[in-house]
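*Asks:* Sequence first, predicted coordinates after that:
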Amino acid sequence: MANKLFWIDEAESIFYILQGALARTKAPISIVYIMPKTKEALFSDEQVLEFIRKADVVFHDTDKAGWWGILPNSGRKEVAAFLKRMKTHFNIEEPSPYHVVVTEVRDPQASLIEIVKAIKTMPKTEETSTVNYVDGPWTKGSKSTIKVSLVVDEPIIREVLKRSISTIRLDHFDIELQEFEDGLAFESSEWHKSAHSHLVVLDDVLPKKNGMEVVHFLRNQASSQKFHIFMLTDRVSEENLITAYQMGIDEMIHKPFNLRLFESLFRRTIERLWFE
C-alpha cells in the first residue's frame, strides 16, 4: 500500500478495510501526523514513500501541511519504533524540526476524516514534547464479553470468589458470571456453549461429577481452547500436579488460598487473553 501517497478521501476507504481487523486482532490502528516546523524540514512525497513500510498507509489532508501515516496493528511500542526508524532514516537531530501527533484507534466505526479534522482543530497548547499522544472518542473500542463459571461446592467460598471477581474492572472486557454447585449442573447447562472466552474456577471435589471429570468434558469439546481452567485443591503432591496439568488444567490454586493472589492471577490471565 505504501507505493503511493494518497489523499485523505482515498485513505478513508483503505482505513475502513483495516478497521475490519480490529475486533479480530485487538491491536489498535495508530495514526501519526508528521508536521514540519519549517519549510526546509518538509519531506518530498518520494522521500516519504522510500521510508514507509509496505504495510503502512500514508496520505495528505487537504492542507498538505505535512503527512499522515496509518499504522495497522500498532500501539505505542510500535509507534516508538516507527519514530526511531524515521529519525535514523532522515538523520534527524535534536531539537527535532517536526511536531508529531499520535492517536490510537480502537473503534471499528470511527471515520478517518473526522479523526483528522478533530486532531487539526484541537486547541493549541504549550508543547513540552515533540511527540504528543492524544485521545478521542475513537480511542475506546467496544468491549468483548468474557464468561466466568464458578463450579464450587462450598457456598462461602463461592460467594467470596463471586464478590472478588465482581469488583475487578477491566478495560477491554465485560464479565458475565454464573455459579454452579456441582459439575453435572455445569455440564448440563447451555452456559458453556457460546463462543466467548471462558474462565472456569473449579473445585477438584464436587458432589456430582468431580473436577477432573469436568476438565475431561471441557477438553473434549470442539472449542476447548476457549476455556481457561483454574482448579482449587488441597492435594499438592507432585504426582497430582503432573496429572492435573496433563489433563489440561491451566492453573492449580492450593487451598486455603490468598484472595489477593487469586485476584492477581485472574486479572493477569484476562489481560493475556486480550493479546491472544
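*Replies:* That came through fine. Numbering: from 1, shown residues only.

*Asks:* Can you tell me the element Leu161 falls in?
*Replies:* Taking DSSP states H and E as the criterion, Leu161 maps to helix 155-166.

*Asks:* Now do the buried residues in stretch 34-42.
*Replies:* Ile34, Met35, Pro36, Leu42 (16 or more other C-beta atoms under 10 Å). Every C-beta, even on glycine, is put in place using the N, C-alpha and C of the backbone.

*Asks:* Could you pull up the mean pLDDT of that stretch?
*Replies:* Mean per-residue pLDDT for stretch 34-42: 85.

*Asks:* Then stretch 57-66?
*Replies:* For stretch 57-66, mean pLDDT is 89.

*Asks:* quick one: contacts of it?
*Replies:* 1-2, 5-8, 10-11, 14-15, 18, 33-36, 42, 48-49, 52, 67-70, 98, 116, 120 (C-beta atoms under 8 Å, 6 or more residues apart in numbering).

*Asks:* Mind checking which of the residues you listed land in strands?
*Replies:* Of those, the ones assigned to strands by DSSP state E are Leu5, Phe6, Trp7, Tyr33, Ile34, Met35, Pro36, Trp67, Trp68, Gly69, Ile70, Tyr98.

*Asks:* which one among those residues gets closest to His254?
*Replies:* If you rank the ones in strands among the contacts of stretch 57-66 by distance to His254 using C-beta to C-beta, Ile70 comes first, at 48.6 Å.

*Asks:* Apart from its neighbours in sequence, what residue is nearest Ser96?
*Replies:* Excluding its sequence neighbours, the residue lying closest to Ser96 (C-beta to C-beta, 6 or more residues apart in numbering) is Thr130, at 4.5 Å.

*Asks:* Then Lys37?
*Replies:* Spatial nearest neighbour of Lys37, chain neighbours left out: Pro97 (5.0 Å); criterion: C-beta to C-beta, 6+ apart.

*Asks:* if I look at the one you found, how far off is Pro36?
*Replies:* 6 Å (C-beta to C-beta, to the nearest Å).

*Asks:* Pretty sure Leu83 sits against Val100.
*Replies:* Yes. Look at Leu83 against Val100 with C-beta atoms under 8 Å: they come within range, at 6.6 Å.

*Asks:* Quick check: neighbours shared by these two?
*Replies:* Taking C-beta under 8 Å, 6+ apart as the contact rule, Leu83 and Val100 both touch Val32, Val131.
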